[in-house]
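Novice: sequence plus predicted model, see below.
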Amino acid sequence: MEILFFERIDSTQRRLVEGLQKGEVTPPIAYATRDQYAGVGSRGNSWIGARGNLFFSFAIDRGSLVQDLPLASSSIYFGFLFKESLAQAGSKVWLKWPNDLFLERKVGGCITQLVGSSLVCGIGLNLLHAPANFDPLDISIEAEELLERYFSLIESKPSWKEVFSKFRVEFAKSRPHMVHHKGTLFDLRDAQLAEDGAIIIGGERIYSLR
């Protein structure tokens, strides 16, 4: 994984997607910064970023993904591996379905999208600072060390089955929470977690790709 660090950037996700679409960059590649001022969040929202935190996006060729990964659950796969990288360093962060990193409150998030033949994943983490109603990370770790841990874990290519078996156990922590889908809030207490990472509520199957 080639990692390009920017002193300051509007959005690692937006810039990486533009680079891929223009043919200026090819995967595997990552853009990272500790100063992002117009980040992209879930549901088209902006990600509020404080200087000193960690913001990065990376692109992987679709053909390089593990064969059993349901594409619509890519946020769970890459979000959970990031959580595992933090856990290796001593963090108690967990992944709320489908793409939020949590302690008592949100610490970060993960979004994924397909861009041509590439899967692009963006992650924001309150590495040092947290805005109101959010939590900062519970450990001290350098951004470079964390990225090295994370990309090494990705490159080891754990299967979806292996990752999902761990996430299924952790899903119990998501149940007291709500999730947005098409402008509606759903209570995860009523959700059934399917083998492909979808949740089933009231007979509707909801996937996490976003």
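Specialist: Structure's in. What do you need? These figures come from a predicted structure and were not determined experimentally.
Novice: which strands or helices does the top strand by length along the chain pack on?
Specialist: Counting by DSSP state E, the longest strand found in the chain is strand 106-115. Contact partners of strand 106-115 among helices and strands, from 3 or more CB pairs under 8 Å, 6 or more residues apart in numbering; DSSP states H and E: helix 12-21, helix 74-88, strand 100-102, strand 118-125. To be clear about C-beta, it is placed using only N, CA and C from the backbone, and glycine gets the same treatment.
Novice: where does pLDDT dip in the chain?
Specialist: 40-49, 209-210 (pLDDT under 70).
Novice: residue ranges of the helices in the protein, please?
Specialist: Listed in chain order, the helices of the chain (DSSP state H) span 12-21, 74-88, 143-155, 160-170.
Novice: contact partners of the longest one?
Specialist: Put plainly, it is helix 74-88. Residues outside helix 74-88 that contact it (CB atoms under 8 Å, 6 or more residues apart in numbering): 65, 69, 93-95, 97-101, 109-112, 119, 121, 123, 137, 139, 141, 146, 149-150, 153-154, 158, 160, 163-164, 166-167, 170, 197, 208-210.
Novice: with the last one instead?
Specialist: Outside of helix 160-170, the residues within contact range by CB under 8 Å, 6+ apart are 66, 68-70, 73, 76-77, 80-81, 84, 94-95, 193, 195, 197.
Novice: what's the most distant pair in those residues?
Specialist: Within the contacts of helix 160-170, two members stand farthest from each other by CB to CB: 68 and 94, at 23.1 Å.
Novice: who has more neighbours, those two?
Specialist: residue 94 (20 against 12; other CB atoms under 10 Å).
Novice: just the CA atoms of stretch 19-37, as PDB, please.
Specialist: Extracted in PDB, the C-alpha atoms of stretch 19-37 (Å, rounded to 0.1, in the frame of the first residue of the first chain):
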ATOM      1  CA  GLY A  19      -7.600  10.800  -8.800                       C
ATOM      2  CA  LEU A  20      -9.000   7.300  -9.600                       C
ATOM      3  CA  GLN A  21     -11.600   8.700 -12.000                       C
ATOM      4  CA  LYS A  22      -9.000  10.800 -13.900                       C
ATOM      5  CA  GLY A  23      -6.500   7.900 -14.000                       C
ATOM      6  CA  GLU A  24      -4.000   9.900 -12.000                       C
ATOM      7  CA  VAL A  25      -3.500   7.100  -9.400                       C
ATOM      8  CA  THR A  26      -4.000   3.400  -9.300                       C
ATOM      9  CA  PRO A  27      -4.600   1.000  -6.300                       C
ATOM     10  CA  PRO A  28      -3.400   0.000  -3.900                       C
ATOM     11  CA  ILE A  29      -3.000   3.600  -2.700                       C
ATOM     12  CA  ALA A  30      -3.900   5.600   0.400                       C
ATOM     13  CA  TYR A  31      -4.300   9.300   1.100                       C
ATOM     14  CA  ALA A  32      -3.900  10.400   4.800                       C
ATOM     15  CA  THR A  33      -3.800  13.600   6.800                       C
ATOM     16  CA  ARG A  34      -4.100  14.900  10.300                       C
ATOM     17  CA  ASP A  35      -5.800  18.100   9.100                       C
ATOM     18  CA  GLN A  36      -9.000  17.600   7.000                       C
ATOM     19  CA  TYR A  37     -11.500  20.500   6.700                       C
END
